[in-house]
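K.L.:
here is a sequence with its predicted model. Questions after.
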Amino acid sequence: MGKSIEVILVGDVPELGRSGDARRVRSGYARNFLFPQKLAVTMTAGTKRLIEKKRAEALVRLSKEKDEAEVLLQKLEKLTVTCSVKANADGRLFGSVNPADVLAKLAEAGYALQKKQLAMYEPFKSLGDHEAALHLHPEVKGTLKVKVVAEKMATSSADAE
């Protein structure tokens, strides 16, 4: 084998490509990682047909994922997540609302998201309405409304109902 060889990716490889892509990689990387993990095969006439088949499957899969993400985004944009946090009488928080808190509230509401799909660059450290970015698919992005309330306010509003 030479310094680099041409391979077809059988599975998605981070930083390299998606399933069905043809890539030129170092022979050692292919021989020691891609081939043993069954993530790639060498480029031959027979595997070129495999490329076309994998690309067609990938296009169908991506369009299905995009449609599902758009439906989920429409539901999430209508939703307001309310997080109750301990606060003093002046409204200062004892702590903050981080992505894990928001994801837990979404899970309670029946929406299972991954941490990478919710983009909160800093935790929320004040009471009020906030927005967090959603990245559900490379082409589907939106915002989620998050309301941070003091625990006293949350319990008093529950008693009023």
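P.N.:
In hand now; what should we look at? It should be emphasised that the depicted structure is a prediction, and the values quoted were computed from it without experimental measurement.

K.L.:
C-alpha from now on. contacts and neighbour counts both.
P.N.:
Will do.

K.L.:
contacting residues for the spatially most central residue of the chain?
P.N.:
What sits nearest the mean C-alpha location of the chain, by C-alpha atoms, centre = their mean, is Gln117, with 3.1 Å. Gln117 is in contact with Leu134, His135, Leu136, counting by C-alpha atoms under 8 Å, 6 or more residues apart in numbering.

K.L.:
give the contact list for the residue nearest to Asn98 when sequence neighbours are not counted.
P.N.:
In this structure, Asn98 finds its nearest non-sequential neighbour in Pro123, 4.6 Å apart by C-alpha to C-alpha, 6 or more residues apart in numbering. Each residue near Pro123 by C-alpha under 8 Å, 6+ apart is listed here: Ser96, Val97, Asn98, Pro99.

K.L.:
that older thread, from the contacts of Gln117, pick the one nearest Ala87.
P.N.:
Nearest to Ala87 out of the contacts of Gln117 is Leu134 (C-alpha to C-alpha; 27.2 Å).

K.L.:
what about the closest one, how many neighbours?
P.N.:
Look at Leu134: counted by other C-alpha atoms under 10 Å, it has 20 neighbours.

K.L.:
again, but for Lys38
P.N.:
12.

K.L.:
that one touches Val10, doesn't it?
P.N.:
Yes: using C-alpha atoms under 8 Å, Lys38 is in contact with Val10, at 7.2 Å.

K.L.:
hmm, back to that, measure the residue nearest to the centre of the chain to Cys83 for me?
P.N.:
19 Å (C-alpha to C-alpha, to the nearest Å).
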